[in-house]
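Enquirer: sequence first, then the predicted structure, then my questions.
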Amino acid sequence: MALKFEIVTPEKLVRSDEAYMVVVPGSEGDFGVLEGHAPFMSTIRDGALTIYKTEGGEPETLAIEGGFAEVSANGLTVLAEKIGE
Amino acid sequence: MASLKELKGRIGSVKSTQKITKAKQMVAAAKLRKAQAAAEAARPYSERLEAVVASLASQVSGDGAPPLLAGNGKNQVHLLLVAAADRGLAGPFNANIVKAAREQARSLLDAGKTVKFMVVGRKARSGLLRLHGDAIVEYYDTTPVKTPGFHEAKEIAARLLAMYEAGDFDVATLVYSKFRSPLVQEPTVQQIIPVAMPETAAVGGDAAVEYEPDEEEILEQLLPRNITIQIFKALLENVAGEQGASMTAMDNATRNAGDLIQKLTIQYNRSRQAAITTELVEIISGAEAL
């Protein structure tokens, strides 16, 4: 039971992994994505993307800039212009 | 018949030329690997973006479609965005791109359209300057950076979009070289404004997708980004193609130099032998005369 997610920048595929939940800074507010999320698409504002590897586990944050996120049956795809650690 | 000294000099100069072409070939091979990796790494992003734009475009059609998608209703002024390399020594690489651009320009001019050029890279500019010098409206200089990257693509796209908004052109076409393999580069002409949509795009979009903000707004953000990515992709393919072409050209040059050295060496040995024989004949006939 895990959410598949991919983080892609123009330069490369940054991450292709599984997690329990990913919180994305959408332009109209943060949203968390778990497995089985309804199809959804949003643009992103500059901010922190938080990855929860396991339920209640330590979150990991990535700074992301510009782009958009797409949730489909295959999981979450984040297309960002820039990723900082 | 060239003198021995002359021949020796020529062999020496061809040898040093060969050293240079060999070095350039190896440099190109090393750079090619990097450029190829970069071009491949950029593929997932552009593929996904394309898919998203396609699925969105199929939903936002009709009158509400933004001009970047549907065009501004006119088809008179064409802008050719020609991207080539800054350096030569890459065989016919730059010439092929320029040739494709010229052909495109010719057919558009014949159809009574106005053609403007925006050029990227020194070789694209010098190649178009003579025939279409007046039509070059923008020149983006990539010489200050080592390899053009996303930052450059963004700047080029920004200029392009500013011109589009100002109504300087109606249709933009990108001319660059597609990287097939290190041996094959394909000059490619691709329309980027308005976006040329594949017809089969609208499959698999049955699920009700929620958009935030709404479709139009997302699309408005996505389309400029899509153009940036297309330009970025073109730049990367160009870099890889240039190195590939350069490698091939230099490999040929090195081989030619080798052949030339061989021929010159044979000639050198022959004339040396001839000189020795004449000298011997002279000595013997001199001794006999005594």
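Expert: In hand now; what should we look at?
Enquirer: contacting residues for the nearest residue to A:Thr61 once chain neighbours are set aside?
Expert: For A:Thr61, ignoring the flanking residues on the chain, the nearest one in space by Cβ to Cβ, 6 or more residues apart in numbering or on different chains is A:Ala48 at 4.6 Å. Backbone N, C-alpha and C define where each C-beta goes, glycine included. Neighbouring residues of A:Ala48 by Cβ atoms under 8 Å, 6 or more residues apart in numbering or on different chains: A:25, A:61-64.
Enquirer: and B:Leu174, by the same measure?
Expert: B:81, B:83, B:188-192, B:230-231, B:234.
Enquirer: can you give me the helices for the chain?
Expert: Just going to use chain A. Counting by DSSP state H, chain A has no helices to list.
Enquirer: you answered for a different chain; I wanted chain B.
Expert: Going by DSSP H, chain B shows helices at B:4-41, B:43-59, B:67-70, B:93-110, B:122-132, B:150-165, B:215-289.
Enquirer: could you dump those into a markdown table with mean neighbour count and distance to A:Lys53 added?
Expert: Listed next are the helices of chain B as a markdown table, based on neighbours: other Cβ atoms under 10 Å in any protein chain shown; distance: least, Cβ to Cβ, whole Å:
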| stretch | mean neighbour count | distance to A:Lys53 |
| --- | --- | --- |
| helix B:4-41 | 16 | 25 |
| helix B:43-59 | 18 | 23 |
| helix B:67-70 | 18 | 39 |
| helix B:93-110 | 18 | 47 |
| helix B:122-132 | 18 | 48 |
| helix B:150-165 | 17 | 29 |
| helix B:215-289 | 18 | 29 |
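Enquirer: which pLDDT value does the model give residue 58?
Expert: Defaulting to chain A. Here, the pLDDT recorded for A:Glu58 equals 86.
Enquirer: wrong one, I was asking about chain B
Expert: 72.
Enquirer: follow-up on the earlier one: which ones among the contacts of B:Leu174 are found in strands?
Expert: B:81, B:83, B:188-192 (DSSP state E).
Enquirer: how about low-confidence regions in chain B?
Expert: B:1, B:60-65, B:197-208 (pLDDT under 70).
Enquirer: how does it divide into domains?
Expert: As assigned by automatic domain parsing, chain B contains the domains B:4-22+B:250-289, B:32-245.
Enquirer: on that earlier part again, out of the helices of chain B, flag the one nearest chain A.
Expert: helix B:4-41 (3.8 Å; Cβ to the nearest Cβ).
Enquirer: ok, the ones in strands among the contacts of B:Leu174 vs A:Glu35, which is closest?
Expert: The closest of the ones in strands among the contacts of B:Leu174 to A:Glu35 turns out to be B:Ile192 (Cβ to Cβ; 37.1 Å).
Enquirer: tell me the spacing between that closest one and chain A.
Expert: 16 Å (Cβ to the nearest Cβ, to the nearest Å).
Enquirer: still on that earlier bit, buried members of the contacts of A:Ala48 into ChimeraX, please.
Expert: Per 16 or more other Cβ atoms under 10 Å in any protein chain shown, the buried members of the contacts of A:Ala48 correspond to this ChimeraX selection:
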select /A:25,62,64
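Enquirer: tell me which of the contacts of A:Ala48 fall in strands.
Expert: Counting by DSSP E, these contribute A:25, A:61-64 to strands.
Enquirer: in contact with the spatially most distant residue from the centre of chain B, which residues?
Expert: Going by Cα atoms, centre = their mean, the residue of chain B most distant from its centre is B:Leu290, 75.0 Å out. For B:Leu290, the contact set (Cβ under 8 Å, 6+ apart) is empty.
Enquirer: report the separation between it and chain A.
Expert: For B:Leu290, the distance to chain A - Cβ to the nearest Cβ - is 87 Å.
Enquirer: would you turn the ones in strands among the contacts of A:Ala48 into CSV with pLDDT?
Expert: Listed next are the ones in strands among the contacts of A:Ala48 as CSV, based on pLDDT from 0 to 100:
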residue, pLDDT
A:Pro25, 91
A:Thr61, 90
A:Leu62, 89
A:Ala63, 91
A:Ile64, 91
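Enquirer: so where is chain A shaky, pLDDT-wise?
Expert: Looking at chain A by pLDDT under 70, you get A:1, A:85.
Enquirer: what residues does it have near chain B?
Expert: A:6, A:8-13, A:26-28, A:38-43, A:67-68, A:70, A:72-73, A:77, A:79, A:81 (Cβ under 8 Å from any Cβ of the partner chain).
Enquirer: of those residues, buried ones?
Expert: A:6, A:8-12, A:26-27, A:40-43, A:67-68, A:70, A:72, A:77, A:79, A:81.
Enquirer: from these, which ones fall inside strands?
Expert: A:6, A:8, A:26, A:40-43, A:67-68, A:70, A:72, A:77, A:79, A:81.
Enquirer: chain B: which of the contacts of A:Ala48 is nearest?
Expert: Using Cβ to the nearest Cβ, those come closest to chain B at A:Pro25, 12.1 Å.
Enquirer: ok, now which ones touch the nearest residue to that closest one once chain neighbours are set aside?
Expert: The shortest distance from A:Pro25 to any non-neighbouring residue, by Cβ to Cβ, 6+ apart, is to A:Gly47 (3.4 Å). Shown in contact with A:Gly47 (Cβ under 8 Å, 6+ apart): A:25, A:30, A:63-64.
Enquirer: please report how far the closest residue to B:Ala124 other than its chain neighbours lies from B:Leu290.
Expert: With Cβ to Cβ, 6+ apart as the criterion, B:Ala124 has its nearest non-adjacent residue at 3.6 Å, and that residue is B:Ala84. Distance from B:Ala84 to B:Leu290, counting by Cβ to Cβ, to the nearest Å: 75 Å.
Enquirer: neighbours around B:Pro66, how many?
Expert: 17 (other Cβ atoms under 10 Å in any protein chain shown).
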